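Q: generate coordinates for the sequence data below:
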Amino acid sequence: QVQLVESGGGLVEAGGSLRLSCAASGRTFSSYGMGWFRQAPGKEREFVASITRNSESTLYANTLKGRFTISRDNAKNTVYLQMNTLKPEDTAVYYCAAGPYSRSDSRMYAYWGQGTQVTVSS
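A: Okay, the predicted model is just below:
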């Protein structure tokens, strides 16, 4: 089993940057694909980005490509989401997730963190 704890959220002005972190417990972090999802008030949870076990491949939501970057450090059991040029519409709770594969479908992920709030002011 994997426990995930997100951090790094907060309030930022439009155009600013934030770096989210997701720390995983356990010694099998490198065996999991990792993903980031987000959920805005009144909206469904949506895919943000994913990364394979050894960082060979990444996948992004088309609308976020170029502004967001996912990375991981298996030695630190941590996955990151660098978010640049933030917009008010990026305001949401951001969740990290772990699963056997890295996909855009949230149903492929077995473990989820509690989420971290990101608020972008205009």
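
Q: and W36, which helix or strand is it part of?
A: Per DSSP states H and E: W36 is located in strand 33-39.

Q: from the contact counts, what lies against that strand?
A: With contacts defined as 3 or more C-beta pairs under 8 Å, 6 or more residues apart in numbering; DSSP states H and E, strand 33-39 has these neighbours: strand 18-24, strand 46-51, strand 68-73, strand 78-83, strand 92-99. For glycine as for every other residue, the C-beta is placed from the backbone atoms N, C-alpha and C.

Q: at 10 Å instead, please
A: If contacts are counted by 3 or more C-beta pairs under 10 Å, 6 or more residues apart in numbering; DSSP states H and E, strand 33-39 sits against strand 18-24, strand 46-51, strand 58-60, strand 68-73, strand 78-83, strand 92-99, strand 111-112.

Q: how about those strands in CSV, adding distance to T119, mean pLDDT and mean neighbour count?
A: Listed next are these as CSV, based on distance: least, C-beta to C-beta, whole Å; pLDDT from 0 to 100; neighbours: other C-beta atoms under 10 Å:
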stretch, distance to T119, mean pLDDT, mean neighbour count
strand 18-24, 10, 98, 20
strand 46-51, 16, 97, 22
strand 58-60, 22, 96, 17
strand 68-73, 16, 98, 18
strand 78-83, 12, 98, 23
strand 92-99, 9, 97, 23
strand 111-112, 21, 96, 18
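
Q: redo these as TSV? Include distance to V12.
A: Output for the helices and strands packed on strand 33-39, formatted as TSV (distance: least, C-beta to C-beta, whole Å):
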stretch	distance to V12
strand 18-24	6
strand 46-51	16
strand 58-60	20
strand 68-73	14
strand 78-83	9
strand 92-99	13
strand 111-112	24
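
Q: skip the chain neighbours and tell me the closest residue to the residue nearest to the spatial centre of the chain.
A: In the chain, the C-alpha nearest the mean C-alpha coordinate belongs to W36, at 2.6 Å (C-alpha atoms, centre = their mean). For W36, ignoring the flanking residues on the chain, the nearest one in space by C-beta to C-beta, 6 or more residues apart in numbering is V48 at 4.2 Å.
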